[in-house]
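*Asks:* need coordinates for the following:
(one chain, ligands or ions: 1)
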Amino acid sequence: MNENSPIILDGKKLAGEIRERVKQDVTNLNKIGIDVGLALLLAGDNQSSVKYFMATLKASEHVGINVFEYKLPSSASQNEILNVIRDVNADERISGLLVLFPLPGRINARGVVNSILPEKDVDGLGSVSVGRLAAEESMFQIFSMDASVPLEGRPYVHHRSGFIPCMPSSFLPCTPYGVIMLLENYGVEFGGKNVVVIGKSLAVGKPLAMMFLAKEATVSICHKSTQNLEAYLRNADIVCSATGVPGLIKGNMIKEGAIVVDIGINVRADGSIVGDVDFATVSEKASMITPVPGGVGPVTIAILLQNTVRSAQSNVILNHPLTIP
Ligand SMILES: NC(=O)c1ccc[n+]([C@@H]2O[C@H](COP(=O)([O-])OP(=O)(O)OC[C@H]3O[C@@H](n4cnc5c(N)ncnc54)[C@H](OP(=O)(O)O)[C@@H]3O)[C@@H](O)[C@H]2O)c1
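*Replies:* I've put the predicted structure just below:
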């Protein structure tokens, strides 16, 4: 490694640390008779969704979270899907529900997501979760992880009062929250920084931009209709790309020392995975960069597990406080 080599933001390592804490939290709940459950809903057989389903299943089992599998055919109707969600909402064994996207074309995806109870919306995509994030009223803004404390010992506390969370939860979308955690884990501060987020989907780009804004960054959101992307990138201290366009970001487009987070996952013809960023040229100028694979991807699933165990904890504190010894 030469002295100009960027710091590689290691998502696998952070994901492992998060999973270990989740495992401990699950064990603690098990000791008071509470199992933690995550429902996975897959309609159809989209190959990326099937892969994500399997990866989530394996990661959940590793930390002791029980998985409830709901697999429906691509011919499933909206009503059938809503029936599953109604059952999951009422099931005390299940703390969270992940719906795998894309859903079959005739299904109203927003209708499906919005039928999940906010306290079980561990993917954070329902309108209540999105609204609380925008209003800076989600657990993300109100409760903070104290970054000065080593990760394994960090209390999950209210940043002013020191209280633990005890309000009906809403959760942050896993991928953008994972980006923030990964950067903070490497000591990156956001206040006053110029951040460019490329992509404005509800699952990634938009909530990520809101999270940076909540952390006092100056944020630009770029998308397909953006005129002159390079003009935005030239000025960016932090670049986050979530487009699904391989090689979109090249070294000559970013400023010296920029921090570059590659969220894109693109499967090439030979089965290998690349991001949106041309790693070879960008790493010559960046001060920090995420690899693909091994960057944001592993953190996403770890955050999903973390949200699920937080949901179980909140349910105990709010609804069954007498079960706490
Ligand atoms: N690492 C992870 O854990 C993780 C999780 C989720 C997604 N992903 C990956 O992240 C990428 C984005 O996912 P998504 O769900 O947000 O996808 P999406 O819904 O298709 O959104 C893509 C966004 O990129 C923008 N875009 C596309 N081409 C562009 C271009 N040439 N220049 C500027 N902007 C462009 C689109 O702009 P318009 O809105 O104008 O069309 C859109 O806002 C995908 O590769 C996906 O696989 C990774």
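*Asks:* for the ligand, give me its nearest residue in the stretch 51-200 of the chain.
*Replies:* Nearest residue of the stretch 51-200 of the chain to the ligand (Cβ to the nearest ligand atom) works out as G199 at 3.5 Å. (Each C-beta comes from the backbone N, C-alpha and C, glycine too.)
*Asks:* what about V260, how many residues nearby?
*Replies:* As a burial measure, V260 scores 27 neighbours (other Cβ atoms under 10 Å).
*Asks:* before we move on, what about N235?
*Replies:* 12.
*Asks:* how far does stretch 273-282 stretch from one end to the other?
*Replies:* End-to-end distance of stretch 273-282 (Cα to Cα, to the nearest Å): 17 Å.
*Asks:* who in the protein is up against the ligand?
*Replies:* 175, 198-201, 203-205, 222-226, 242-245, 248, 263-266, 296-297, 300 (Cβ under 6 Å from any ligand atom).
*Asks:* what's the pLDDT at K215?
*Replies:* With respect to pLDDT, K215 has a value of 89.
*Asks:* and I317, by the same measure?
*Replies:* The confidence metric pLDDT takes the value 75 at I317.
*Asks:* what's the offset of the strand or helix carrying it from the middle of its chain?
*Replies:* For I317, the host element (DSSP states H and E) is helix 296-319. From the chain centre to the centre of helix 296-319 is a distance of 11 Å (Cα atoms, centre = their mean, to the nearest Å).
*Asks:* where does the stretch 151-300 of the chain dip in pLDDT?
*Replies:* Applying pLDDT under 70 to the stretch 151-300 of the chain flags the ranges 151-169.
*Asks:* can you pull out the strands in it?
*Replies:* 156-158, 194-198, 218-222, 238-241, 259-262, 266-267, 273-274, 288-289 (DSSP state E, counting those that start in this stretch).
*Asks:* by contact count, what packs against the last one?
*Replies:* When you say that, I think you mean strand 288-289. Counting contacts by 3 or more Cβ pairs under 8 Å, 6 or more residues apart in numbering; DSSP states H and E, strand 288-289 is packed against strand 7-8, strand 259-262.
*Asks:* that strand: partners in the sheet, and parallel or antiparallel?
*Replies:* strand 7-8 (parallel), strand 259-262 (parallel) (DSSP bridges).
*Asks:* deepest-packed of those strands, please.
*Replies:* Most buried of the strands paired with strand 288-289, by mean neighbour count (mean count of other Cβ atoms under 10 Å): strand 259-262, with a mean of 26.
*Asks:* got a list of contacts for the strand or helix carrying L14?
*Replies:* In this structure, L14 is located in helix 11-31 according to DSSP H and E. With Cβ atoms under 8 Å, 6 or more residues apart in numbering as the test, helix 11-31 has contacts from 35-36, 59, 62-65, 151-152, 178, 181-182, 185, 290-291, 294-299, 301-303, 305-306, 308-309, 312-313, 316.
*Asks:* now that helix against helix 296-319, angle please.
*Replies:* Per axes from the mean of the first three to the mean of the last three Cα atoms, to 10 degrees, the angle that helix 11-31 makes with helix 296-319 is 20 degrees.
*Asks:* that older thread, distance to S74 for the helices and strands packed on strand 288-289 - can I get that in CSV?
*Replies:* Converted to CSV, the helices and strands packed on strand 288-289 look like this (distance: least, Cβ to Cβ, whole Å):
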stretch, distance to S74
strand 7-8, 39
strand 259-262, 31
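*Asks:* between those, which one is nearest to V128?
*Replies:* Of all the helices and strands packed on strand 288-289, strand 259-262 sits nearest to V128, with 27.0 Å by Cβ to Cβ.
*Asks:* among the strands paired with strand 288-289, which comes closest to R106?
*Replies:* The nearest among those, by Cβ to Cβ, is strand 259-262 at 33.3 Å.
*Asks:* what's the neighbour count on G187?
*Replies:* 9.
*Asks:* and G64, by the same measure?
*Replies:* 18.
*Asks:* got it, and M181?
*Replies:* M181 has 22 neighbouring residues, counting by other Cβ under 10 Å.
*Asks:* surely it touches T300?
*Replies:* No. Between M181 and T300 no contact is recorded; they are 10.3 Å apart, counting by Cβ atoms under 8 Å.
*Asks:* now do the helices in the stretch 51-200 of the chain.
*Replies:* Under the criterion DSSP state H, counting those that start in this stretch, the stretch 51-200 of the chain contains helices at 78-90, 109-113, 127-134, 139-142, 174-185.
*Asks:* deepest of those, which one?
*Replies:* helix 174-185 (a mean of 24).
*Asks:* which strands or helices does it pack on?
*Replies:* Counting by 3+ Cβ pairs under 8 Å, 6+ apart, helix 174-185 packs on helix 11-31, helix 205-214, strand 259-262, helix 296-319.
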